[in-house]
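Q: fold the following for me, if possible:
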Amino acid sequence: MKKILFVCVENAGRSQMAEAFFRKYMPKGFEAISAGTKPSTHVNPIVLQAMKEISIDIENQTPKHISQQTIDESEKAINMGCIDKESCPTLFMKDTIDWQIPDPKGKPIEEVRKIRDQIKTKVMILIESLEENTR
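A: Here you go, the predicted structure:
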């Protein structure tokens, strides 16, 4: 299985949504994981709500700490974008794709929906490129 790693600082919003979308649509032979450099204690409740609105339940997901093993085992790593430069996952990783997606933390549901939809679009493009590379 080829692992695709989605990372952000808290692993409580963007990377959780990306992992969920990738799990839902991923091609055979791939696996999705997400992690953060300073994981939160729980997934952002507004993110849970936004995902539930489109019938994706991530309520049982928990933020995870990124490890060197997780990085080493990943085929590809996608950074969601960093506001906290000192904890940015890209500081610890090489060959990272950075999507520069805004953090949903503290934002109203309307903004979180836009972020969710932006992540879905990027995940679908990623899946398309992975499928092309495996043909």
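Q: so what's the spatially most central residue of the chain up against?
A: For the chain, the residue nearest the mean C-alpha position is residue 15 (2.1 Å; Cα atoms, centre = their mean). Contacts for residue 15 were tallied using Cβ atoms under 8 Å, 6 or more residues apart in numbering; they are 6, 7, 8, 34, 35, 36, 80. Using the backbone N, CA and C atoms, a C-beta is placed for each residue, glycine as well.
Q: ditto for residue 18
A: By Cβ under 8 Å, 6+ apart, the contact list for residue 18 reads 6, 32, 34, 78, 80, 119, 122, 123.
Q: next secondary structure after the lowest-mean-pLDDT helix or strand in the chain?
A: Of all helical and strand segments in the chain, the minimum by mean pLDDT, DSSP states H and E falls on strand 96-98, at a mean of 83. On the C-terminal side of strand 96-98, the closest following helix or strand by DSSP states H and E is helix 109-133.
Q: and that following helix, what's buried?
A: Going by neighbour count (16 or more other Cβ atoms under 10 Å), the buried part of helix 109-133 is 112, 113, 115, 116, 118, 119, 120, 122, 123, 126, 127, 130.
Q: lowest-confidence one in those?
A: The lowest pLDDT within the buried residues of helix 109-133 belongs to residue 130, with 90.
Q: got phi/psi on the closest residue to that residue other than its chain neighbours?
A: In this structure, residue 130 finds its nearest non-sequential neighbour in residue 27, 6.0 Å apart by Cβ to Cβ, 6 or more residues apart in numbering. The phi/psi pair for residue 27 (degrees, to the nearest 10) reads phi -70, psi 160.
Q: for the protein, which spans come out with low pLDDT?
A: Applying pLDDT under 70 to the chain flags the ranges 83-95, 134-135.
Q: go ahead and confirm residue 56 touches residue 25.
A: No - the criterion here is Cβ atoms under 8 Å, and residue 56 misses it with residue 25 at 10.6 Å.
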